[in-house]
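> Okay, predicted coordinates and the sequence, questions at the end:
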Amino acid sequence: MEYIVEKIGMSRTIEVPSIPVTLVRVIDTKVCEIDENKRAIVAYSKNKQMNKAIAGQQKKYNLPKEFNSFMTLSVANEEVGDLDLSPLNEAKKLKTTFKTKGRGFSGVVKRWNFGGGPDSHGSRFHRRVGSIGNAEWPGRVMKGKKMPGHYGNVTVSVKNEIVSFDSETKVLALKGAVPGANGALGKIRIIK
């Protein structure tokens, strides 16, 4: 079973020793259509601009205006309507998928943890890449060389244990960290 979640932030449990947890909230989702393999088209609310394609989907599935994004998920529902959250009560482990924080164009010190050069005595080599090529052979920069470039904003999946699930507020406490910024939307999948 899969669910769309919003990352709230990190906290810890009160018990001794305390466990670091990430809090995620299962967002309101409507099941619009289910096929024979338990794959369903679901609608959820997202900050996005309205267009004719979204309006047509809302009219087709008789949805209110706030449900303006659509996704295909594997669900526990037998019929269309509200998403069934009961599998989360017995679940022990999840696979959590989010986009990491984007850091834009970054140098090698930030992106790859390069050490850099000395800070003083006129070295003129502080946070730079250094030598990247060879002499006569092979006469090119090898593929996969660690260099400056775009850092972050990639999809990452991690496995987490469920510490607790509050069915009223739809908040899950997951053991450990989850990638992405607070407020980001992601996906969880029950694996046990």
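Cool, the structure landed. Predicted, not measured: the structure shown is a model, and the values here were computed from it.
> now do the same end-to-end measure for stretch 173-192.
16 Å (CA to CA, to the nearest Å).
> Oops, could you answer that again for stretch 158-177 instead?
First-to-last distance for stretch 158-177 - CA to CA - comes to 9 Å.
> what's that stretch in contact with?
For stretch 158-177, the surrounding residues in contact (CB atoms under 8 Å, 6 or more residues apart in numbering) are 5, 8, 10-11, 13, 19-27, 85, 88-89, 91-96, 178-179, 188, 191. Any C-beta I mention is one placed from the backbone N, CA and C, and that applies to glycine too.
> how about a cut-off of 10 Å?
By CB atoms under 10 Å, 6 or more residues apart in numbering, the surrounding residues in contact with stretch 158-177 are 3, 5-8, 10-13, 19-28, 83, 85-86, 88-98, 178-179, 188-192.
> ok, and the closest non-adjacent residue to V154?
Nearest non-adjacent residue to V154, counting by CB to CB, 6 or more residues apart in numbering: T100, 5.6 Å away.
> phi, psi of the most centrally placed residue in the chain?
Nearest to the geometric centre of the chain sits F98, at 0.6 Å (CA atoms, centre = their mean). Backbone torsions of F98, given as degrees, to the nearest 10, read phi -140, psi 160.
> For PyMOL, write a command that selects the buried ones of the contacts of stretch 158-177.
The PyMOL command for the buried members of the contacts of stretch 158-177 (criterion: 16 or more other CB atoms under 10 Å) is given here:
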select buried, resi 3+5+6+7+21+22+23+24+26+83+88+91+94+96+97+98+178+179+188+189+190
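> From the contacts of stretch 158-177, which land in strands?
Residues of those located in strands (DSSP state E): 3, 5-8, 10-12, 20-26, 93-98, 188-190.
> re the thing from before, is the residue nearest to the centre of the chain in a bridge, and if so with what?
V156 (DSSP bridges).
> pLDDT score for it?
Predicted confidence (pLDDT) for F98: 97.
> Contact partners for R128?
107-109, 114, 116-117, 148.
> just the buried members of those residues?
By 16+ other CB under 10 Å, these give 107-108, 114, 148 as buried.
> Please name the nearest non-neighbouring residue to S45.
Per CB to CB, 6+ apart, closest to S45 is E66, 4.6 Å.
> mind checking how far the helix or strand harbouring K59 is from the chain centre?
Assigned by DSSP states H and E, K59 belongs to helix 52-61. Between the centre of helix 52-61 and the centre of its chain there are 27 Å (CA atoms, centre = their mean, to the nearest Å).
> Just checking, which helix or strand succeeds it along the chain?
Helix 52-61 is succeeded, C-terminally, by strand 69-74 (DSSP H and E).
> Give me the residues contacting that next one.
Residues contacting strand 69-74 (CB under 10 Å, 6+ apart): 1-4, 29-33, 35, 37-48, 53-54, 57-58, 61, 63, 83, 185, 187, 189-190.
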